[in-house]
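Chemist: sequence first, predicted model second:
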Amino acid sequence: MTGIEAHLSTAVQIDAVSKTFNSGKPNEVHALDNISLDIADGSFVSLIGPSGCGKSTLLRLMGALTHPTDGTVTVNGKSADLARLDRDYGMAFQTSGLFEWRTVTQNIELPLQLMGWEKQERKARAAEMLDLVKLPEFGDHFPRELSGGMQQRVAIARALSFRPSILLMDEPFGALDEMTREHMQTEVLEIWARTGKTIVFVTHSIPEAVFLSQRVIVMSPRPGRIAADVEVQLGERSFETRESQGFFAKVTEVREALRFEEDAR
Amino acid sequence: MTTREETNRAAARLERKAATRRGLRRVVVFLVFLLVLSLVYTGYKAFGEAVDDAQTDWPVVGRVLPRTDDLTMPPISDIIVEFGEPPQRNSSKPLGAFIAEAALFTFREAAFGFLFGTLLGLSLAILMLRSRWIERGLSPYLVVSQTVPLVAIAPIVVIWGSKSLGWLPFTWEPWMSVAIIATYLTFFPVAMNGIKGLQSAHPASMELMRSYAASRRQTLIKLQLPASLPYLFAAFKLAATVAIVGAIVGEISGGVRGGLGRLILDYASRYTTGPSRLYASVLGAAALGILAVGIVTLIEYVAVTRRQEGHVAR
């Protein structure tokens, strides 16, 4: 494998990254300590851990919304900043962050508008994305007329509208009720299967992480470190997956990894 | 899914109806308020003295509260009739027409003041948004600018306007100086609320714009300005009233004739020969203020509220 191919098959490369907030001040916080992690192109990876373990910070480092104190973050073979300027990733947060003064369609068109797409192309793409997230009839509605789950779907449509290769999601279903949440998990897997994006997913729910991912990165707090890297091979997910032995075994494995870290402190 | 959509539509429809009802209710409440106010005025005038006489321990009317005679408190009917009476012997033009003309004159000053003040205030807010440093440096001076008494600067501005602005391609007229005075009052609430509004954009939304590699300008236009609209319209309503007040005070202290300020000054100096005229012109000024705020509220409704509530009308 040549160097270029190696880069192509790795979407995100975290190399010996540390992050310290308020460096040198009394309220100094070591958010991340010497983290190394490779995320394969087209994979679904979850970051899980107790609050304060730096999982969101790690995600924000990948998106170049913040910068490492030490180490390097490489996205699609370039620096994270360059990847951001190249619009290599879409983002979805816990709050859908839809602009309340824009209709659903206008929200999805926002990034396209910023990137200078033609009006016709924008319209067509927005309609396509609304189909993808199964809200084809809601284009003219305003966000506040939609339920929480529907708002998150629009946020995902918006994040994918400009065809980024990587989708960064920070607890996107954290504010949803359990039923909607499970439904959305199935939806996001469907979108993943159809689009082939690399998805990095931050969550604090163990079943969610196991159900969604091929890999669960378990993190521990103060300073944030990777405690375990759990491979999940459950094949194609279905309603029955959550009731299967394999699923329970992986949930237990992740839970053990989290508990082990609790005890170690 | 369809049932949910239907529910949503029904909800939006109900909300729109409710909005219309709210608007109507406001008008009715205002009319009732006017009625109550005139009843209190008339009631006090009719019975105040008698009630006061009945209790002799500590007379109030004529000491704390105003006298009830027709010179101090002209009857409401007199004030209303006065609008139709000509105030000058040699002309048949009714007082109402004089007040309307003067109000239009004052409105023009206030409107220009509002326009320039809004532009100036918004520019300052955007400038302050650029850096914390500029904001911290600038905002104390903005506050100080408003502590300078208006009556002191008004004559200065009028004199400066007439003496120094001869080089302009148009003739500098006194009302333009008054517009500058109104600008001076108007920019402040817009700048202060503007910066607060521009900073009110959700941090997650700011990060979202960053993730799109949006430019500063794009972020301002697509996110920060729309997010600031509720703050801005609150400021615009305040600015509309201070523009009117500024114009009237500017006319009075700058000695500019043609507007409501001068009219009020004239009728105040000739109060004893016709108190209703002063009352009528003050009512005219109040109506102008209400009109100004009403215009801003209407623009807000069309630009913000209706766009977000009434979209079901497809």
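Modeler: That came in fine, so what should we check first?
Chemist: report pLDDT for B:Thr273.
Modeler: B:Thr273 carries a pLDDT value of 87.
Chemist: backbone torsions only: list them for it.
Modeler: Dihedral angles phi and psi of B:Thr273 (degrees, to the nearest 10) take the values phi -90, psi -10.
Chemist: roughly how far apart are it and chain A?
Modeler: 56 Å (C-beta to the nearest C-beta, to the nearest Å). Every residue, glycine included, has its C-beta placed from N, CA and C.
Chemist: hey, where'd the helices end up in the stretch 201-314 of chain B?
Modeler: B:203-211, B:216-219, B:225-254, B:260-269, B:275-300, B:306-309 (DSSP state H, counting those that start in this stretch).
Chemist: for these, give me CSV that also has distance to chain A and mean neighbour count.
Modeler: Listed next are the helices of the stretch 201-314 of chain B as CSV, based on distance: least, C-beta to the nearest C-beta, whole Å; neighbours: other C-beta atoms under 10 Å in any protein chain shown:
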stretch, distance to chain A, mean neighbour count
helix B:203-211, 5, 18
helix B:216-219, 5, 14
helix B:225-254, 5, 23
helix B:260-269, 38, 20
helix B:275-300, 13, 18
helix B:306-309, 6, 15
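Chemist: now the ones you listed in CSV, please, with extra columns for distance to B:Val143.
Modeler: As requested, the helices of the stretch 201-314 of chain B are exported to CSV (distance: least, C-beta to C-beta, whole Å):
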stretch, distance to B:Val143
helix B:203-211, 27
helix B:216-219, 27
helix B:225-254, 15
helix B:260-269, 26
helix B:275-300, 24
helix B:306-309, 34
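Chemist: out of those helices, flag the one nearest B:Leu115.
Modeler: helix B:225-254 (9.1 Å; C-beta to C-beta).
Chemist: starting at the chain centroid, how far to the closest one?
Modeler: 6 Å (C-alpha atoms, centre = their mean, to the nearest Å).
Chemist: pretty sure A:Asp38 belongs to a strand, no?
Modeler: Yes. Using DSSP: H, G, I helix; E, B strand; the rest coil, the assignment for A:Asp38 is a strand.
Chemist: count of neighbours near B:Val148?
Modeler: Per other C-beta atoms under 10 Å in any protein chain shown, the neighbour tally for B:Val148 reads 10.
Chemist: where does pLDDT dip in chain A?
Modeler: Chain A contains residues with pLDDT under 70 at A:1-8, A:260-265.
Chemist: phi, psi of the residue nearest to the spatial centre of chain A?
Modeler: Closest to where the C-alpha atoms of chain A average out (C-alpha atoms, centre = their mean) is A:Met169, at 2.6 Å. Note on A:Met169: backbone dihedrals following degrees, to the nearest 10 are phi -120, psi 120.
Chemist: you'd agree it is up against A:Trp192?
Modeler: No. Assessed by C-beta atoms under 8 Å, A:Met169 is found out of contact with A:Trp192, at 10.7 Å.
Chemist: can you get me a residue count around residue 61?
Modeler: Let's take chain A. 24.
Chemist: let me rephrase: I mean chain B.
Modeler: Count around B:Val61 with other C-beta under 10 Å applied: 16.
Chemist: so what's it closest to, chain neighbours aside?
Modeler: Closest residue to B:Val61 apart from its sequence neighbours, by C-beta to C-beta, 6 or more residues apart in numbering or on different chains: B:Asp52 at 4.3 Å.
Chemist: and the one you found, how far from B:Arg63?
Modeler: Using C-beta to C-beta, to the nearest Å, B:Asp52 is found at 9 Å from B:Arg63.
Chemist: among those two, which residue is more densely surrounded?
Modeler: The neighbour count for B:Asp52 versus B:Arg63, taken as other C-beta under 10 Å, is higher for B:Asp52 (17 against 10).
Chemist: quick one on the thing from earlier: overlap in contacts, A:Met169 and A:Trp192.
Modeler: A:Ile199 (C-beta atoms under 8 Å, 6 or more residues apart in numbering or on different chains).
Chemist: who are the contact partners of A:Lys25?
Modeler: Contacts of A:Lys25 by C-beta under 8 Å, 6+ apart: none found.
Chemist: quick check, it in a strand?
Modeler: No. Looking at A:Lys25 with three-state DSSP, it is coil, so not inside a strand.
Chemist: next up, phi/psi of it, please.
Modeler: phi -100, psi 170.
Chemist: does A:Met184 sit in a helix or strand, and which one?
Modeler: helix A:178-195 (DSSP states H and E).
Chemist: and that helix, is it in reach of chain B?
Modeler: No. On the criterion C-beta under 8 Å from any C-beta of the partner chain, helix A:178-195 is out of touch with chain B, staying 11.9 Å away.
Chemist: format the CA atom coordinates belonging to that helix as PDB.
Modeler: The C-alpha trace of helix A:178-195 is given here as PDB (Å, rounded to 0.1, in the frame of the first residue of the first chain):
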ATOM      1  CA  GLU A 178     -36.300   6.800  24.000                       C
ATOM      2  CA  MET A 179     -38.700   5.700  21.200                       C
ATOM      3  CA  THR A 180     -37.800   8.500  18.900                       C
ATOM      4  CA  ARG A 181     -34.200   7.900  19.600                       C
ATOM      5  CA  GLU A 182     -34.300   4.300  18.600                       C
ATOM      6  CA  HIS A 183     -36.200   5.200  15.500                       C
ATOM      7  CA  MET A 184     -33.600   7.900  14.600                       C
ATOM      8  CA  GLN A 185     -30.800   5.400  15.200                       C
ATOM      9  CA  THR A 186     -32.300   3.100  12.500                       C
ATOM     10  CA  GLU A 187     -32.600   6.100  10.200                       C
ATOM     11  CA  VAL A 188     -29.100   7.300  10.600                       C
ATOM     12  CA  LEU A 189     -27.800   3.800   9.900                       C
ATOM     13  CA  GLU A 190     -29.900   3.700   6.700                       C
ATOM     14  CA  ILE A 191     -28.400   7.100   5.700                       C
ATOM     15  CA  TRP A 192     -25.000   5.800   6.400                       C
ATOM     16  CA  ALA A 193     -25.600   2.700   4.300                       C
ATOM     17  CA  ARG A 194     -26.900   4.800   1.400                       C
ATOM     18  CA  THR A 195     -24.300   7.500   1.400                       C
END
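Chemist: what comes up buried for it?
Modeler: A:180-182, A:184-185, A:187-189, A:191-192 (16 or more other C-beta atoms under 10 Å in any protein chain shown).
Chemist: residue contacts, the residue nearest the centre of chain B?
Modeler: Most central in chain B under C-alpha atoms, centre = their mean is B:Thr241, positioned 1.6 Å from the mean C-alpha point. For B:Thr241, the contact set (C-beta under 8 Å, 6+ apart) comprises B:289, B:292-293.
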